[in-house]
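Asker: need a 3D model of the following:
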Amino acid sequence: MATDSPDPSGVGRHMLTLARALPPGWRARLVFPDHDAGRSLAAEGRRLGVAAATAAGGRWRHALAGADLVHVHAGIGWEGHGLAGVTDAPVVRTEHLPWLITCPQQRADYARMVARLDAVITVSRAAADSWRPVLATMGGPRVPMACIPNGIEAGPGADRPARRKDAPQTILCVARFTPQKNHRTLITAMARLARTHPHARLRLVGGGPEQGRIRARAARHGLDVEFLGPRDDVPALMAEADLLALPSSFEGLPLVVLEAMAHGLPVIATRIGGVTEALGPDHPWLVPPANPRALARALAAAIDDAAARAATALSQRARYDAFYTATRMGEDTAQLYAAVLRGQRQRTSGHDYDTSGLHRRGGHRPPAFRRPGTDARRADRGGGRP
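Answerer: Predicted coordinates for the structure are as follows:
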């Protein structure tokens with residue numbers, strides 16, 4: 001598994017989780033860029049017992065040598081193009097965001113790269129819907145596409161610490177300070193919320209290029225916001241919080257939402273793509289992107305209704321257990337690897353699986369594959385899954 005992302009934060013965490021979640025019979029070796037973030041991820045992988053290193057001096061061909069299959073992870077569509085061309089092994093590529101390329105030259109570069117792939121993975125059905133029509137227009141062989149939603153490791157659900165009734169409500173946001181995450185909307189919403197809930201406090205976790213602007217914006221509104229910087233104790237911070245807020249403009253399937261689901265922390269987020277899939281379309285606190293008024297109303301409603309927060313936390317944990325475990329992700333990914341190595345192809349039109357009909361233990365239905373040169377689908381009959 002390899003990424004050349006200049007900032008592989010969420011992608012790197014996903015790779016670490018996937019490497020450990022693969023079933024017996026598979027051994028993962030992780031390769032990160034030789035920069036501070038890459039070296040940190042490689043060191044974390046080794047602490048977890050995963051073979052992990054960096055591509056010293058950008059020597060990707062050497063770093064990927066000896067692999068039976070290379071799995072490239074792209075944080076955004078223009079990353080990872082060179083990795084598919086430096087190996088003779090089959091190449092699978094995961095797109096962690098929806099299709100975002102608008103530049104004609106970048107689109108042409110992507111088309112040249114995708115011709116060297118054996119399969120593409122998307123991390124949510126919404127992301128798949130954005131990639132499918134694009135891949136269909138690319139010249140050369142039709143590339144199989146599989147939707148394998150993200151999963152995370154988490155322990156059994158636990159009761160959250162009891163909070164004093166007079167304790168201030170704490171809203172946590174874990175996201176890099178980039179335009180995608182749209183902290184501007186959250187700060188404006190907090191300014192509106194302060195008129196009716198002056199004791200609510202906001203804690204922001206992460207770093208990034210927009211942090212200075214967001215800090216200045218909070219100061220202009222007179223808000224007392226805690227900027228905690230990058231942290232490696234997010235579960236502990238979630239245990240101390242009452243709500244998670246994620247005001248992103250677009251997402252693939254954000255890991256922080258899955259973490260909140262697993263840890264019983266109610267989520268207020270924008271009604272976009274993989275976020276809606278993870279939480280469910282009937283989640284009570286989904287709001288339109290870039291709408292601070294709606295976000296402030298949702299925050300106020302959640303703060304004022306402890307019973308709704310408790311019910312939402314239980315519903316979120318049930319959805320995590322059913323669909324978003326690391327074990328499910330590892331099993332489904334390994335099945336795709338095996339099909340690629342056997343020279344089988346997933347039907348190009350794909351089949352994106354409706355989470356409402358899936359077995360609670362098994363998670364997402366494993367992909368069905370097409371034999372080369374035929375339209376015959378192989379029914380999956382293993383494990384008692386639907």
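Asker: out of the helices and strands in the protein, which is least certain?
Answerer: strand 369-370 (a mean of 32; mean pLDDT, DSSP states H and E).
Asker: buried set for the longest helix seen in the chain?
Answerer: Determined from DSSP state H, the single longest helix within the chain is helix 306-323. Buried residues in helix 306-323, counted by 16 or more other Cβ atoms under 10 Å: 309, 312-313, 315-317, 319-323. No exception for glycine: its C-beta is placed from N, CA and C like everyone else's.
Asker: redo those as TSV? Include distance to residue 129 and pLDDT.
Answerer: What follows is the buried residues of helix 306-323, written out as TSV (distance: Cβ to Cβ, whole Å; pLDDT from 0 to 100):
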residue	distance to residue 129	pLDDT
309	31	96
312	26	97
313	29	96
315	25	96
316	24	97
317	27	96
319	20	96
320	23	96
321	26	95
322	22	94
323	18	95
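Asker: how about CSV for these, with distance to residue 121 added?
Answerer: As requested, those are exported to CSV (distance: Cβ to Cβ, whole Å):
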residue, distance to residue 121
309, 34
312, 30
313, 30
315, 27
316, 24
317, 26
319, 21
320, 20
321, 22
322, 20
323, 16
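Asker: residue 100: which of those residues is nearest?
Answerer: Of all these, residue 100 sits closest to residue 323, with 25.0 Å by Cβ to Cβ.
Asker: isn't that closest one right up against residue 149?
Answerer: Yes: using Cβ atoms under 8 Å, residue 323 and residue 149 qualify as a contacting pair, with a distance of 6.7 Å.
Asker: quick one: list the elements packing against the strand or helix carrying residue 52.
Answerer: If you go by DSSP states H and E, residue 52 is part of strand 51-55. Contacts defined by 3 or more Cβ pairs under 8 Å, 6 or more residues apart in numbering; DSSP states H and E place strand 51-55 against strand 29-33, helix 36-47, helix 60-64.
Asker: quick check: which of the ones you listed is buried the most?
Answerer: strand 29-33 (a mean of 24; mean count of other Cβ atoms under 10 Å).
Asker: grab the CA positions of it and hand them over as PDB.
Answerer: Coordinates of each C-alpha in strand 29-33 appear next as PDB, following Å, rounded to 0.1, in the frame of the first residue of the first chain:
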ATOM      1  CA  ARG A  29       3.800  -3.400   3.500                       C
ATOM      2  CA  LEU A  30       3.100   0.300   3.700                       C
ATOM      3  CA  VAL A  31       5.200   3.000   1.900                       C
ATOM      4  CA  PHE A  32       4.800   6.700   2.600                       C
ATOM      5  CA  PRO A  33       6.600   9.800   1.200                       C
END
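Asker: and the angle from that strand to helix 36-47?
Answerer: 160 degrees (axes from the mean of the first three to the mean of the last three Cα atoms, to 10 degrees).
Asker: where does this structure dip in pLDDT?
Answerer: 140-141, 156-166, 344-386 (pLDDT under 70).
Asker: that one: helices as residue ranges?
Answerer: Under DSSP H, the chain gives helices at 9-21, 36-47, 60-64, 104-114, 125-137, 183-193, 211-220, 234-240, 255-262, 273-279, 292-304, 306-323, 326-341.
Asker: so how far is the longest one off the chain centroid?
Answerer: What that stands for is helix 306-323. 19 Å (Cα atoms, centre = their mean, to the nearest Å).
Asker: that helix packs against which elements?
Answerer: Using 3+ Cβ pairs under 8 Å, 6+ apart: helix 306-323 touches helix 255-262, helix 273-279, helix 292-304.
Asker: share the number of residues neighbouring residue 191, please.
Answerer: Counted with other Cβ atoms under 10 Å, residues neighbouring residue 191 total 17.
Asker: is it true that it touches residue 224?
Answerer: No: Residue 191 lies out of contact with residue 224 (Cβ under 8 Å); the separation is 11.7 Å.
Asker: hang on, the earlier thing: and the helices and strands packed on helix 306-323, which is most packed in?
Answerer: Most buried of those, by mean neighbour count (mean count of other Cβ under 10 Å): helix 255-262, with a mean of 26.
Asker: just the CA trace of that one, in PDB.
Answerer: Output of helix 255-262 as PDB, limited to C-alpha atoms (Å, rounded to 0.1, in the frame of the first residue of the first chain):
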ATOM      1  CA  LEU A 255     -13.000   8.700   9.400                       C
ATOM      2  CA  VAL A 256     -13.800  11.200  12.200                       C
ATOM      3  CA  VAL A 257     -17.600  10.600  11.700                       C
ATOM      4  CA  LEU A 258     -17.100   6.900  12.000                       C
ATOM      5  CA  GLU A 259     -15.000   7.400  15.200                       C
ATOM      6  CA  ALA A 260     -17.800   9.500  16.700                       C
ATOM      7  CA  MET A 261     -20.300   6.900  15.700                       C
ATOM      8  CA  ALA A 262     -18.200   4.200  17.400                       C
END
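Asker: what's it packed up against?
Answerer: Checked by 3+ Cβ pairs under 8 Å, 6+ apart, helix 255-262 has helix 9-21, helix 234-240, strand 243-246, strand 267-270, helix 273-279, helix 306-323 packed alongside it.
Asker: now render those as TSV, adding distance to residue 290.
Answerer: Output for the helices and strands packed on helix 255-262, formatted as TSV (distance: least, Cβ to Cβ, whole Å):
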stretch	distance to residue 290
helix 9-21	22
helix 234-240	25
strand 243-246	13
strand 267-270	8
helix 273-279	14
helix 306-323	23
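Asker: to residue 219, which of those lies closest?
Answerer: Of the helices and strands packed on helix 255-262, the one closest to residue 219 (Cβ to Cβ) turns out to be strand 243-246, at 19.2 Å.
Asker: so how far is that closest one off the chain centroid?
Answerer: With Cα atoms, centre = their mean, you get 16 Å for strand 243-246.
Asker: what's residue 117 in contact with, if anything?
Answerer: 84, 91-93, 143 (Cβ atoms under 8 Å, 6 or more residues apart in numbering).
Asker: and what of residue 265?
Answerer: Contact analysis of residue 265 by Cβ under 8 Å, 6+ apart lists 160, 172, 238, 241-244, 313, 316.
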